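Asker: Need coordinates for the following:
(one chain, ligands or ions: 1)
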Amino acid sequence: MRPVYLDNNATTRTDPAVVAAMLPFFCDQFGNASSSHAFGNDVAGALRHARRSLQALLGAAFDHEIVFTSGGTEADNTAILSALDNRDGRNEIVTSAVEHPAILTPLDYLEHARGIKVHRIGVDARGGLDIEAFRRALGPRTAMASVMSANNETGTLFPVAELAEMAHRAGALFHTDAVQAVGKVPLDLKATQIDMLSLSGHKLHGPKGIGAIYLRKGTPFNPLMRGGPQERRRRGGTENVPGIVGLGKAAELALSLMQGEQGRVSALRDHLERGILDLGQCMVLGDTENRLPNTSNIAFEHLEGEAILHHLGKAGIAASLGSACASGSMEPSHVLRAMNVRPSALRGAIRFSLSRDNTIDDVARVLSLMPDIVAKLRALSPSARTQAPMTASLSPASELT
Ligand code: PLP
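Answerer: As a prediction, this is how the structure comes out:
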């Protein structure tokens, strides 16, 4: 039976059209974009084309606002260090408590190694940012605010255009980690005050190991990678040409397919969610009114997410615990803890994340298996057996279902 992949927030399948676009750049057009001969010129043209494709997807004003990186993690690290180096006398950063480790880990490091102050703003039960606390944390010492566009575990969207204006009023730069949003929801950076944005190829059916940072024209910037003059001296190192070409093709496909796919994928996601909620004693985590179209994080009361994943895996179905990065660690996800998810549900959270590759048959397969899996695990769970049915009294997110 065909495996069913519902872990697209961890990574996506590279689109075969992306692979086809990349292939000539290994053996035929293998030149170095910096070379002045024909081999180099061909490649430089391909890089320009890819940059324009990303410009279009992001709604950026200029193609040179895109700087290619090795992925989302490099883009996030670049944004943080550059902002701190360019805001004399300002050594505070305002962020959210639910960012990806690509933001939180460098901030933890800088807090200890460089003595910067980090304000980690909390979220409500649906994962939405405490906007008033964000406003209060901004001040004359804030170098940058960095808040993700969409959360990787719950799909909750953040009002980044509004947050960027608030950061600017305090004289701070604004960065958003949009790794989960790019390619899934429309963006129009021209219409916002966002200074920097991170994205990653492998989350939008592009290759792994390639990404970009958007850098609004005029934004003060210090490179993370210092070396040759590539990327207008903003990122040294010979360009990953096949990767960049693949990312450009992925951006073109995302832009052309987005309108139709957004509605189709969210309808599949909602169908899956409704079918699972009908089983009772489970709830959706995140903001169901304001979410990525592909993401559903469902907490099963008194069950272990690992056990559910194990049974799904045996049937060829791949999903993940709250977060791919948290899988394998025994710590409950920092995102779900920040949302104050009750302990009895915390360990039972499963993230289903769909993509344009999924079909109604995939969803039907999951829904045909879940009743048995859940019934079997509930029968084995001592706490589930001793508790009264909880669907009506789940908190804090019960009203979401
Ligand atoms: N930011 C978010 C929100 C992510 O989901 C991820 C990947 O899981 C990253 C950053 C890191 O991106 P990359 O894998 O390209 O380094």
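Asker: contacts and neighbour counts: CA atoms only from here.
Answerer: OK.
Asker: Report whether the lengthiest helix in the chain contacts the ligand.
Answerer: Using DSSP state H, we find that the single longest helix of the chain is helix 241-277. No - judged by C-alpha under 6 Å from any ligand atom, helix 241-277 stays clear of the ligand, getting no closer than 11.6 Å.
Asker: Return the set of buried residues in that helix.
Answerer: Using 16 or more other C-alpha atoms under 10 Å as the test for burial, helix 241-277 gives 241-255, 258, 261-262, 264-266, 268-270, 272-273, 275-277.
Asker: repeat for stretch 298-312
Answerer: Those would be 298-306, 308-309, 311-312, for stretch 298-312 by 16+ other C-alpha under 10 Å.
Asker: Go through the residues you listed and name the one nearest the ligand.
Answerer: Lowest distance from the ligand to the buried residues of stretch 298-312 (C-alpha to the nearest ligand atom) belongs to Ile298, with 17.9 Å.
Asker: before we move on, what SS does that closest one have?
Answerer: For Ile298, the assignment made with DSSP: H, G, I helix; E, B strand; the rest coil gives strand.
Asker: Show me what from the protein comes close to the ligand.
Answerer: So the chain meets the ligand at 10, 71-73, 100, 102, 152, 177, 179-180, 200 (C-alpha under 6 Å from any ligand atom).
Asker: Filter the residues you listed down to just the ones in strands.
Answerer: Among the residues of the chain next to the ligand, the members found in strands (DSSP state E) are 177, 200.
Asker: out of the residues of the chain next to the ligand, which are buried?
Answerer: For these, a burial check counting by 16+ other C-alpha under 10 Å picks out 10, 71-73, 100, 152, 177, 179-180, 200.
Asker: Can you report how many residues neighbour Asp372?
Answerer: Around Asp372 there are 12 other residues, counting by other C-alpha atoms under 10 Å.
Asker: That should have said Ala191, apologies.
Answerer: Using other C-alpha under 10 Å, Ala191 has 11 neighbouring residues.
Asker: for the one 3 residues further on, same thing?
Answerer: Summarising burial for Ile194: neighbours were counted as other C-alpha under 10 Å, giving 24.
Asker: just the one 5 residues further on next, same as before
Answerer: Here the count is done by other C-alpha under 10 Å, and Leu199 has 28 residues near it.
Asker: Name the nearest residue to it, sequence neighbours excluded.
Answerer: Distance criterion C-alpha to C-alpha, 6 or more residues apart in numbering; nearest residue to Leu199, sequence neighbours excluded, is Val179 at 4.3 Å.
Asker: which ones are touching that neighbour?
Answerer: Applying C-alpha atoms under 8 Å, 6 or more residues apart in numbering, we find Val179 in contact with 72, 149-150, 198-200, 203.
Asker: For stretch 48-56, the averaged confidence score.
Answerer: In this model, stretch 48-56 carries a mean pLDDT of 98.
Asker: how far is that stretch from where the chain is centred?
Answerer: Distance of stretch 48-56 from its chain centroid, counting by C-alpha atoms, centre = their mean, to the nearest Å, is 21 Å.
Asker: would you say Asp42 is within a strand?
Answerer: No - the assignment for Asp42 is helix, going by three-state DSSP, so no strand is present there.
Asker: pLDDT at the closest residue to it other than its chain neighbours, what is it?
Answerer: Excluding the flanking residues, the one nearest Asp42 by C-alpha to C-alpha, 6+ apart is Gln29, at 7.0 Å. We note a pLDDT of 96 for Gln29 in this prediction.
Asker: helices and strands of the protein: which one bottoms out on pLDDT?
Answerer: helix 382-386 (a mean of 65; mean pLDDT, DSSP states H and E).
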